[in-house]
Structures are given as C-alpha cells and as structure tokens.
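Visitor: Everything below, folded, please.
(one chain, ligands or ions: 1)
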Amino acid sequence: MMRIVGISGSPKKEKSNTQFLLSKALEATSADTRLINISEYDIRHCTGCDSCVRKKTCPESAHDDMPKLEEELRKADAIIIAAPSYFTSVPGVLKDFIDRSRAMKMLDHQLKDKVFGALTYAGLRYGGQEHVIDVLNRYALGQGMIVVGAVGSPVKHGTFGSGSLQTDEGSWRSALNDELAIKGSILLGERVAYLAGRIKDSEVRM
Ligand SMILES: Cc1cc2nc3c(=O)[nH]c(=O)nc-3n(C[C@H](O)[C@H](O)[C@H](O)COP(=O)(O)O)c2cc1C
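Guide: As a prediction, this is how the structure comes out:
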C-alpha cells in the first residue's frame, strides 16, 4: 500500500493551524498515512562539520531523534510538509530538520523520486505564504524529490494549500474556518497521492 508521510513544522504542541491543514491533506488520500509533529522530536542543530559529506555519517544522529525521522521518510512514497510562516520563512525547528537531512542527500539521495507537496498558513493575508512554499519546494528539489502543487479550479483555487488567520475583512479566524485553505490542502493531498500512485504502478509494471 502506498505510504504518505506528513511533517507538521509548527513548534506548537496543540491547536496548530498547519497541522490541521496537513491532516486534511492526508485524509483526502486513501493511502497509509502518518502525521509527524516535528515539535515532538528532539532535533539538534547542524554544526556544519561536513561529516555527512566526508564520512557519510552525522555525529549528531547518535544523540537525537533524527534517525527515527529518516527511517519514516525512507519508507514513504510521498512526503507533505506543512509549515507556518515565521518571518516569511519556516520555523527554526523545521529548518533544523531540513539542515540535518543533508545526510540523506549525501548518502545517495535517499529521498530521490518521492512525490512532494507543501502547505502553509500565516497570520496575515500577505504574510509570506508564497515564500514559505518556495523554501519547501526548493528543499524538496534539492533532495531529488518530485514537486507537485494542487490542481483544482483554475479560477478558484491556488497552486498550493495556504491561507491566513486574517480574513479579507481584517478580522480573525483559525484554519478550521478557512474554507479555501482546507480545499487547497485537500487538493494538494489528492494530487500527491495520485502521482505517487502512478509512479508506484509503473514501478510494479517494470
Ligand atoms: C515567531 C513568529 C513569526 C511569525 N511570522 C509571521 C509572518 O512573518 N507573517 C505572518 O503572516 N504571520 C507570522 N506569524 C504568525 C503565524 O504564521 C500564524 O500564527 C500561523 O497560523 C501559525 O501556524 P500554526 O498554528 O500551525 O503554528 C508568526 C508567528 C510567530 C510565532
């Protein structure tokens, strides 16, 4: 069965908007899914020692949860990362994961050919959503993944799941009441699952 792993990149332990949208994306698939809250894992900073390049190993991985996360990702056919906008980029806890996952790239592109989708949520209507998506998509490209976006109505839906706490009128809501963000997340989940399924089918045929 196809396996899709979602990583929620919010440091919040509960009531995370991005985690909610990620759950909607995963529920929209008929795959075997796993939602990982990055904040529940102990991830040390990358120290820039370059051991992953020279020795194909990360010394920090002997002391934290990075090997557990790597194992989950290696098993996945597709990966969705959801991140809140923090100063128009990803939160530090997620960036630590991104930097430390360099070892997976150096060890023969272990995430190569996995289908990838990105989701985001921000406080403001114009709060850096597109930049966060761009950061995540470029990360996935660097890992050799296959980046996809949401494909829905060309006149209603954007290319990725995103939204904001701030409404058009300037009042406030949570992602639970943000219909377009929920729809965008569902469309992204469906698209990721569809393409991962097609790749899996073609591998079976080969
Ligand atoms: C440190 C920090 C920086 C933030 N920076 C931005 C920002 O640049 N633009 C924005 O619109 N919202 C910003 N926000 C608001 C979050 O993006 C917003 O609360 C989001 O819904 C959080 O998602 P979460 O509930 O999944 O953690 C920031 C919040 C924090 C805590």
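
Visitor: Distance check, residue 175 against the ligand.
Guide: 7 Å (C-beta to the nearest ligand atom, to the nearest Å). C-betas here are computed from N, CA, C, even on glycine.

Visitor: residues near the residue lying closest to that residue once chain neighbours are set aside, how many?
Guide: Spatially, and ignoring its direct neighbours in sequence, residue 175 is nearest to residue 17 (3.7 Å; C-beta to C-beta, 6 or more residues apart in numbering). Residues lying near residue 17 (other C-beta atoms under 10 Å) number 25.

Visitor: Can you name the residues that contact residue 17?
Guide: Counting by C-beta atoms under 8 Å, 6 or more residues apart in numbering, residue 17 makes contact with 10, 84, 121, 165, 174, 175.

Visitor: Just the buried residues of stretch 2-19, please?
Guide: Using 16 or more other C-beta atoms under 10 Å as the test for burial, stretch 2-19 gives 2-10, 16-19.

Visitor: filter those down to the ones close to the ligand.
Guide: Contacts with the ligand within the buried residues of stretch 2-19, counted by C-beta under 6 Å from any ligand atom: 10, 16, 17, 18, 19.

Visitor: Find the centremost residue of this structure, please.
Guide: Nearest to the mean C-alpha position of the chain, counting by C-alpha atoms, centre = their mean, stands residue 81 at 0.7 Å.

Visitor: beta partners for it?
Guide: residue 7, residue 118 (DSSP bridges).

Visitor: so it touches residue 114, yeah?
Guide: No: counting by C-beta atoms under 8 Å, residue 81 stays clear of residue 114, with 11.5 Å between them.

Visitor: Now go through the buried residues of stretch 2-19 and say which are in helices.
Guide: Among these, the members found in helices (DSSP state H) are 17, 18, 19.

Visitor: Redo those residues as JSON lines? Include pLDDT.
Guide: Compiled in JSON lines, those are given as follows (pLDDT from 0 to 100):
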{"residue": "17", "pLDDT": "98"}
{"residue": "18", "pLDDT": "98"}
{"residue": "19", "pLDDT": "98"}
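
Visitor: Mind jotting down where the strands sit in this protein?
Guide: Ranges of strands in the chain, per DSSP state E, are 3-8, 32-37, 78-84, 115-121, 146-147.

Visitor: and those as TSV, adding mean pLDDT?
Guide: Listed next are the strands of the chain as TSV, based on pLDDT from 0 to 100:
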stretch	mean pLDDT
strand 3-8	98
strand 32-37	98
strand 78-84	98
strand 115-121	98
strand 146-147	98
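
Visitor: other SSEs contacting the lengthiest helix in the chain?
Guide: Counting by DSSP H, the longest helix found in the chain is helix 179-205. Judged by 3 or more C-beta pairs under 8 Å, 6 or more residues apart in numbering; DSSP states H and E, the packing partners of helix 179-205 are strand 3-8, helix 17-27, strand 78-84, strand 115-121.

Visitor: Sweet, I'm off.
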